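Undergrad: Kindly generate the corresponding structure for this input.
(chains A and B)
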Amino acid sequence: RKEVEQDPGPFNVPEGATVAFNCTYSNSASQSFFWYRQDCRKEPKLLMSVYSSGNEDGRFTAQLNRASQYISLLIRDSKLSDSATYLCVVNKISNTGNQFYFGTGTSLTVIP
Amino acid sequence: GAGVSQSPSNKVTEKGKDVELRCDPISGHTALYWYRQSLGQGLEFLIYFQGNSAPDKSGLPSDRFSAERTGGSVSTLTIQRTQQEDSAVYLCASSSPGIGYGYTFGSGTRLTVV
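TA: Predicted coordinates:
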């Protein structure tokens, strides 16, 4: 079983729509969670960390459910510039060190 | 520097040649990771360095791939006898020690084996 699983999409939504992505992780010992954004032919960039209490950054809201082992990202009032691939990332410290596990990404296209 | 620096940004090489890719992490970041990404695909983990510990090489696809990190800073990924299937973007990332920090990627080296 993969450490992190995401629905690859694609999600095609009209401008102004609200869209949500989910991601599940397999290891209950996972300690930190992040959403990264990757534009076409660019490197992934940190979008936001995900905290147990949930956190919001403008139009973006991230939630963590430890009991069910999933994290979510909600984008409100989608903009054309939100079109990208969104990667779920899970982090834990083990005896081999500080390891990050990436989902394969969810593709979002916002349509005018 | 302020970010993770990778060089070269693009590399075209002939099949069978060796290539070296360089990564200069953010100063103070003790953890360094190499990934590769083929067109339209997800990130494939290659190798992870943490401080002075033995690297986690579990993602290296074959013995043609090796990496080293000198002085706990700059890392070099070497691919020997390159094959066409090695063509991909090779991404390096570094992070601060401890939990709660994401990591920062370099802009990658686009390798094309012809």
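Undergrad: ok, A:Tyr36 to A:Glu15 distance?
TA: 23 Å (Cβ to Cβ, to the nearest Å). No exception for glycine: its C-beta is placed from N, CA and C like everyone else's.
Undergrad: out of the two, which sits in the busier spot?
TA: Neighbours were counted for A:Tyr36 and for A:Glu15 using other Cβ atoms under 10 Å in any protein chain shown; A:Tyr36 has more, 24 against 12.
Undergrad: So for the more buried one, what pLDDT did the model give?
TA: Confidence at A:Tyr36, expressed as pLDDT, is 95.
Undergrad: where does stretch A:43-57 sit relative to the chain's centre, distance-wise?
TA: Stretch A:43-57 sits 8 Å away from the centroid of its parent chain (Cα atoms, centre = their mean, to the nearest Å).
Undergrad: That one spans what distance, first to last residue?
TA: Chord length of stretch A:43-57, first to last residue, is 21 Å (Cα to Cα, to the nearest Å).
Undergrad: swap in stretch A:38-53?
TA: In stretch A:38-53, first residue to last residue: 25 Å (Cα to Cα).
Undergrad: Is A:Pro8 within a helix or a strand, and which one?
TA: Here A:Pro8 sits in a region with no helix or strand, counting by DSSP states H and E.
Undergrad: Contacts for stretch B:82-89 next, please.
TA: A:41, B:13-19, B:36-39, B:44, B:64, B:79, B:108-114 (Cβ atoms under 8 Å, 6 or more residues apart in numbering or on different chains).
Undergrad: Would you mark the buried spots in that stretch?
TA: Residues B:Thr82, B:Asp86, B:Ser87, B:Ala88, B:Val89 are the ones in stretch B:82-89 that count as buried (16 or more other Cβ atoms under 10 Å in any protein chain shown).
Undergrad: which ones among the residues you listed are found in strands?
TA: Under the assignment DSSP state E, the buried residues of stretch B:82-89 contribute B:Ala88, B:Val89 to strands.
Undergrad: Now that we have the buried residues of stretch B:82-89, can you turn them into JSON lines and tack on pLDDT?
TA: Below are the buried residues of stretch B:82-89 laid out as JSON lines (pLDDT from 0 to 100):
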{"residue": "B:Thr82", "pLDDT": "98"}
{"residue": "B:Asp86", "pLDDT": "97"}
{"residue": "B:Ser87", "pLDDT": "97"}
{"residue": "B:Ala88", "pLDDT": "97"}
{"residue": "B:Val89", "pLDDT": "97"}
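Undergrad: Sort out which one of the buried residues of stretch B:82-89 lies nearest chain A for me.
TA: Closest approach between those and chain A, by Cβ to the nearest Cβ: B:Val89, at 8.0 Å.
Undergrad: I'd like to know how far the closest one sits from A:Pro112.
TA: The gap separating B:Val89 from A:Pro112 is 29 Å, by Cβ to Cβ.
Undergrad: Tell me the residues of chain A that contact chain B?
TA: A:31-32, A:34, A:36, A:41-46, A:49, A:87, A:89, A:91-93, A:96-100, A:102-105 (Cβ under 8 Å from any Cβ of the partner chain).
Undergrad: Show me how to select, in ChimeraX, the buried members of the residues you listed.
TA: To isolate the buried ones among these in ChimeraX, judged by 16+ other Cβ under 10 Å, type:
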select /A:32,34,36,43,44,46,49,87,89,91,92,93,97,98,99,100,102,103,104,105
